[in-house]
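In: Sequence below, structure please.
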Amino acid sequence: MFFENITVLRADGSSLDNVNVAVKNGRFSYIGKEVPPGDWGEKYSGIDRILMPGLINAHTHVPMTLMRGYGDDMQLDRWLYVKIFPIENKLTGEDVYWGSMLGIAEMLASGTTSFSDMYYYCDRIAQAATESGIKANIGRGISCFDDSKCFIDLPAYGELSDLVTKFHGGADGRILIDAAPHSEYTTKPDILSDIADFAASHSLRIQVHISETNKEHLECVGRHGKTPALVMKNSGIFDLPVTAAHCVWLTDSDMQLLADNNVYVAHCPQSNLKLASGIAQIEKMTKQGIKVALGTDSAASNNNLDMLEEMRTASLLAKGVSRNPCALPAEEVLYMATRAGALSQGRYDCGDIETGYCADFVILNTTHPSMTPSHNSLSNVMYAAGAADVEMTVVNGRVLYCKGDYPYMDIERIVYETRQCVDSLLAR
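Out: Reported below is the predicted structural model:
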């Protein structure tokens with residue numbers, strides 16, 4: 001594929017105006033002013049268009065699209081124990097598959113090309129990601145409240161082992177399997193250590209929730225005399241590549257611990273605001289050298305999977321809290337949502353517009369009223385753009401979404417089957 005006279009926005013916020021971009025064999029082959037020789041396939045006009053890196057949703061629970069709007073404006077404990085946990089206990093693999101397909105369709109339509117997920121029935125999430133063409137790091141959430149159990153005794157152990165065998169590196173590398181201990185408060189330290197050993201022996205990355213709420217953080221200190229971050233460190237979790245979601249209540253020593261161990265933080269500002277969990281100190285983290293990516297969390301607590309919205313919220317929230325209009329500027333947040341997210345997933349040739357990188361990108365239409373005028377492409381993307389401005393989403397050089405069409409997904413059936421699943425869930 002070949003784009004003529006298009007504006008390219010890179011992960012660091014720099015832009016190239018009126019350039020040509022050529023894609024071949026799933027990678028960027030040329031970016032520049034010339035017209036390179038050769039047959040590049042279909043040609044697209046880039047007039048009034050921005051080509052930018054695909055967005056990386058570094059933390060979500062994609063099947064929970066089934067619970068969008070199911071429990072809102074509730075205290076967290078009631079939300080979890082009265083609404084979410086009871087309905088999750090009724091889920092089937094079929095429910096998870098269709099909920100995942102719906103979430104993936106939503107993400108593609110809003111410019112996301114890869115996501116990191118923690119849930120269960122992960123074989124069905126992997127099936128959905130494989131069929132749709134998106135990239136995904138999929139972690140089987142691991143919890144245990146039984147002191148007599150070891151990791152090997154848990155259903156999650158067998159399921160994770162099967163996932164690694166069947167899916168890790170599958171779909172031409174689009175599907176990666178992560179180990180995913182849910183959190184300190186749901187997983188004993190000895191099991192955390194076993195998970196770290198398992199991940200090390202299979203060369204897996206780790207996803208985990210850390211210090212999402214003040215209650216979680218303080219109760220951990222009461223149980224162990226140490227913070228959740230230090231529990232993870234002492235259990236060997238931080239010896240592996242880790243993405244830690246939320247991190248709202250980190251202490252100064254926690255931040256140094258994460259920085260020293262190259263832990264990525266998945267910042268989920270909209271979910272943290274909606275659940276009143278608090279506001280992560282992202283500027284303080286980045287100044288201490290912590291690497292930060294962005295995630296939406298689930299559609300049950302957001303209530304959408306729109307990373308363009310998440311970027312804007314992250315930047316505005318930092319400015320409002322600090323009363324500093326220069327806090328978390330657009331270029332930093334764009335990097336978090338693109339290149340940093342890709343690195344958090346271990347996808348080192350993704351997340352930017354560079355020759356030789358995977359051709360995972362988004363085309364935005366700047367002729368829409370909300371994107372006019374365009375004094376600055378980066379500013380428009382950060383502070384004005386929405387899902388309606390996404391014209392095309394491409395993964396590995398394949399168009400997965402274009403002007404409302406999904407070449408590899410039957411969106412009408414997905415919506416129908418999702419509604420059937422929800423009706424069945426509520427009737428169980």
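In: for residue 113, what are its contacts?
Out: By Cβ atoms under 8 Å, 6 or more residues apart in numbering, the contact set of residue 113 is 54, 55, 56, 134, 135, 350, 360, 361, 362, 393, 394, 395. Yep, even glycine has a C-beta here, placed from its N, CA and C like the rest.
In: Now with 6 Å, please.
Out: With contacts defined as Cβ atoms under 6 Å, 6 or more residues apart in numbering, residue 113 is in contact with 54, 360, 395.
In: For residue 291, list the residues it contacts.
Out: With Cβ under 6 Å, 6+ apart, residue 291 has these contacts: 264, 340.
In: Report the beta-bridge partners for it.
Out: Counting by DSSP bridges, residue 291 is bridged to residue 264.
In: Closest to residue 90 out of the contacts of residue 113?
Out: When the contacts of residue 113 are compared for distance to residue 90 (Cβ to Cβ), residue 395 wins out at 32.5 Å.
In: That closest one pairs with what?
Out: residue 398.
In: Quick check: it vs residue 333, distance?
Out: 22 Å (Cβ to Cβ, to the nearest Å).
In: counting residues per strand, which one in this structure is longest?
Out: strand 15-24 (DSSP state E).
In: contacting residues for residue 207?
Out: If you count contacts by Cβ under 6 Å, 6+ apart, then residue 207 has 118, 139, 178, 180, 243 around it.
In: Who wins on neighbours among these?
Out: Highest neighbour count within the contacts of residue 207, by other Cβ atoms under 10 Å: residue 180, with 31 neighbours.
In: Nearest residue to residue 10 in space, please, no chain neighbours.
Out: Sequence neighbours aside, residue 353 is the residue nearest to residue 10 in space, at 5.2 Å (criterion: Cβ to Cβ, 6 or more residues apart in numbering).
In: Please, which helix or strand holds the one you found?
Out: For residue 353, there is no helix or strand it lies in under DSSP states H and E.
In: tally of neighbours for it?
Out: By other Cβ under 10 Å, neighbour count at residue 353 equals 24.
In: List the contacts of it.
Out: 8, 10, 53.
In: From residue 270, how far out is residue 311?
Out: 10 Å.
In: try residue 50
Out: Using Cβ to Cβ, one gets 23 Å for the distance from residue 50 to residue 270.
In: go on, residue 302?
Out: Separation of residue 302 from residue 270 (Cβ to Cβ) stands at 5 Å.
In: what pLDDT does the residue nearest to residue 10 get?
Out: As predicted, residue 353 sits at a pLDDT of 98.
In: Quick check on it: phi, psi?
Out: phi -100, psi 90 (degrees, to the nearest 10).
In: Also the one 5 residues further on?
Out: Here the main-chain torsion angles of residue 358 (degrees, to the nearest 10) amount to phi -60, psi 140.
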